[in-house]
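**Q** What shape does this take:
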Amino acid sequence: MKLDLAGILWDQIPDALLAIDPQGIVAHWNPAAEAVFGYRAQEAQGQSIFSLIVPADRQDEERQAQADALRKGLAVFESVRRRKDGTLVHVNVSTRAIRGPDGRLECFLSTQKDVTHLKVLRDAKLVEARFQDLLESTPDAIVMVNVTGRIVMVNGQAESLFGYPRATLIGQPVEYLLPTRFHHAHLRHRAHFFEQPRTRTMGAGLELYGLRSNGDEFPVEISLSPLQTEEGTMVMSAIRDITDRKKADKKFRDLLESAPDAMVIVNRDGVMVLVNHQAVRLFGWSQEEMLGRSIDILVPTRFRPQHASHRSGFAAQSRARAMGAGLDLYGLRKDGSEFPVEISLSPMETEEGPFVSSAIRDVTERKRFEQALRDKNMQLEDAARIKDRFLATMSHELRTPLNAVIGFTGTLLMELPGTLNAEQKRQLGLVQSSADHLLSLINDLLDLAKLDDNSKELQWEPVDCRRLLEELSATYLPQALQKGLAFDLHLPDGPLQLFTDHRALRQILINLVGNAIKFTRGGTVGLHLEPGSATSPWVFQVQDTGAGIAAQDQQRLFQAFSRLEAAERDAIEGTGLGLHLSRRLAQALGGTLELQSALGRGSTFTLALPDRPGVSPPHGIGADTTRPPRA
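**A** Sure, this is the predicted structure:
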């Protein structure tokens, strides 16, 4: 009888045998491959070998093996492959390039032998030789796994915790120690960890459980640490049974964990019985290290003798209160560093006796901010003094020569030294105008500086408002007419007297009327005095029919050096100080300066001032409130 040895070999060989076409597509898939990788032949054939069983981090390795097989005829290497259920297996791979009679590549024939168990034994031997003594000395259960998630090492604490002998666990997938409902998710988490291995707590914020040999579940805390070895990356899991802690935390968990501050609860002896995670982070101790120990470990050594007596005093007269009111309190971290704290104490009655809850807040940032603020204030004071000296110098060094320039220019324009032609008059006019503008800017800066440091003295006196407004009208009417604008002066009948500072009031109105004429292209500029209220008997209004000001720009308009886009676009002369200074002066006089405007409807500036001495401006805006008014 003639045997089909090729067919028997294909079906009966114990190793996975794959035929892969030049494009990486599975052409044949033997029964052993079904057993090793979990895919039936019908599922595997026609699929890319890379997406089917080769993990992402091993695909370059597979491509290189195929290239080696093409070049040398055969490539042999050890690697990792992914099963249908997501688990990983170690395999020995032998890939041969099969060529046709014409020498062209027909396919790759690859045998892949599952050596997972052999790899586990090899890894276990390596880890045991290197780490066993160290791991046996740790208080936690230690479980080490290799890249396929197989257990290669456990210590005695792990045997006791899970109830399995070591021989039973070696070679098992780590999911063997987890409840079944977590298996699928854990496979994904394990794969992600190996993609980016780093020391961290597993499942932060999640409830984690282990599974004992008798089927009992118990809450655990797990820390993961990657280890680099000759056999590749492995993961050490430190597993702690937190059943007792869970029972204690259950009593006050919701209250404590919702608190923004570090919470420490002590019994009558000052022993910590409950702490929240904020306290762990703040002091640097773990919960296990803090629970059962005296609260004094959180107190600097120099304060401990007094602290014991303070605890006794609080126990005798327990009530919710701040601790050490008016004193500087400090906490002590595990690393020995001290930090300023604020503590609130609250008594608690429990079935286990009286407890004290301490809410502890680290005020380091606040203290640092307060110190920084003090330092900044000193810097600002120094800067203000420097500024005052500079402005005093500028007043003398700049105004004196400017006044000389203005005076000399005026003399030339009066043609006292001799006759000028038209071009000379025009040029001298430009000089005089620029000098006047610069002098006005210097005066504004000096006034603003005096308001900032409260050194501006206001001369309170009766002011004839009718005369003041008529003078302003006479001054600005020619400018308005020159631009083709109507100038409307409206004054009520009768005496119009206001007790205020004449120079400050005049400066405010000059700024407002000057701006109205400057920014109005056509129509009318109005200067009105209207009856006001009991506290502000007269209200000054400057109106224009200009383009108006958008709502979003109106507050910005009163900021120092602020100019609107229209002024910049039309190259209208100005510094952006006039309105800012005007409002500051109005406040110094105890009044207000407000704006009503809308695009396309013009603007109205309203100045309301009180008519009595002794009206103090808001503190810090520049008025000398200690100086008696002048009669």
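**Q** which residues in the stretch 51-200 of the chain form strands?
**A** Under the criterion DSSP state E, counting those that start in this stretch, the stretch 51-200 of the chain contains strands at 74-82, 88-99, 105-114, 141-145, 151-154, 200-201.
**Q** Name every strand pairing with the longest one and say which way it goes.
**A** Each strand paired with strand 88-99, and its direction, by DSSP bridges: strand 74-82 (antiparallel), strand 105-114 (antiparallel).
**Q** Nearest approach to residue 557 belongs to which of the strands of the stretch 51-200 of the chain?
**A** Among the strands of the stretch 51-200 of the chain, strand 200-201 comes nearest to residue 557, with 55.0 Å by Cβ to Cβ. C-beta coordinates here come from the backbone N, C-alpha and C atoms, glycine included.
**Q** any idea how far that closest one is from the chain center?
**A** Relative to its parent chain, strand 200-201 has a centroid offset of 24 Å by Cα atoms, centre = their mean, to the nearest Å.
**Q** before we move on, what about stretch 211-227?
**A** Per Cα atoms, centre = their mean, the displacement of stretch 211-227 from the mean C-alpha position of its chain is 36 Å.
**Q** mind listing what's buried in that stretch?
**A** Within stretch 211-227, the residues that qualify as buried are 211, 219, 220, 221, 222, 224, counting by 16 or more other Cβ atoms under 10 Å.
**Q** Name the residues linked to the first one by a beta bridge.
**A** So that's residue 211. Beta-bridge partners of residue 211, as defined by DSSP bridges: residue 217.
**Q** distance of residue 76 from residue 303?
**A** Residue 76 sits 70 Å away from residue 303 when distances are taken as Cβ to Cβ, to the nearest Å.
**Q** Repeat that for residue 141.
**A** In this structure, residue 141 and residue 303 are 39 Å apart, going by Cβ to Cβ.
**Q** what do you get for residue 181?
**A** Here the criterion is Cβ to Cβ. By it, residue 181 lies 50 Å from residue 303.
**Q** So the two - more neighbours on which side?
**A** In terms of neighbours (other Cβ atoms under 10 Å), residue 303 is the more surrounded of residue 181 and residue 303; the figures are 18 against 10.
**Q** can you pull the contacts of the nearest residue to that one once chain neighbours are set aside?
**A** Nearest residue to residue 303, sequence neighbours excluded (Cβ to Cβ, 6 or more residues apart in numbering): residue 330, at 7.1 Å. For residue 330, the set of contacting residues under the criterion of Cβ atoms under 8 Å, 6 or more residues apart in numbering consists of 300, 303, 338, 339, 340, 341.
**Q** Buried subset of the residues you listed, written for ChimeraX?
**A** Buried residues among the contacts of residue 330 (16+ other Cβ under 10 Å), as a ChimeraX selection:
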select :303,339,340,341
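**Q** what comes up buried for stretch 11-28?
**A** Judged by neighbour count using 16+ other Cβ under 10 Å, the buried positions of stretch 11-28 are 15, 16, 17, 18, 19, 20, 24, 25, 26, 28.
**Q** quick one, what contacts the last one?
**A** Applying Cβ under 8 Å, 6+ apart, we find residue 28 in contact with 10, 17, 18, 19, 41, 45.
**Q** The buried residues of stretch 11-28 into JSON lines, with extra columns for distance to residue 475 and pLDDT?
**A** Compiled in JSON lines, the buried residues of stretch 11-28 are given as follows (distance: Cβ to Cβ, whole Å; pLDDT from 0 to 100):
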{"residue": "15", "distance to residue 475": "108", "pLDDT": "91"}
{"residue": "16", "distance to residue 475": "104", "pLDDT": "93"}
{"residue": "17", "distance to residue 475": "107", "pLDDT": "93"}
{"residue": "18", "distance to residue 475": "101", "pLDDT": "93"}
{"residue": "19", "distance to residue 475": "104", "pLDDT": "93"}
{"residue": "20", "distance to residue 475": "98", "pLDDT": "93"}
{"residue": "24", "distance to residue 475": "93", "pLDDT": "92"}
{"residue": "25", "distance to residue 475": "95", "pLDDT": "95"}
{"residue": "26", "distance to residue 475": "98", "pLDDT": "94"}
{"residue": "28", "distance to residue 475": "105", "pLDDT": "93"}
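**Q** Brilliant, that's me finished.
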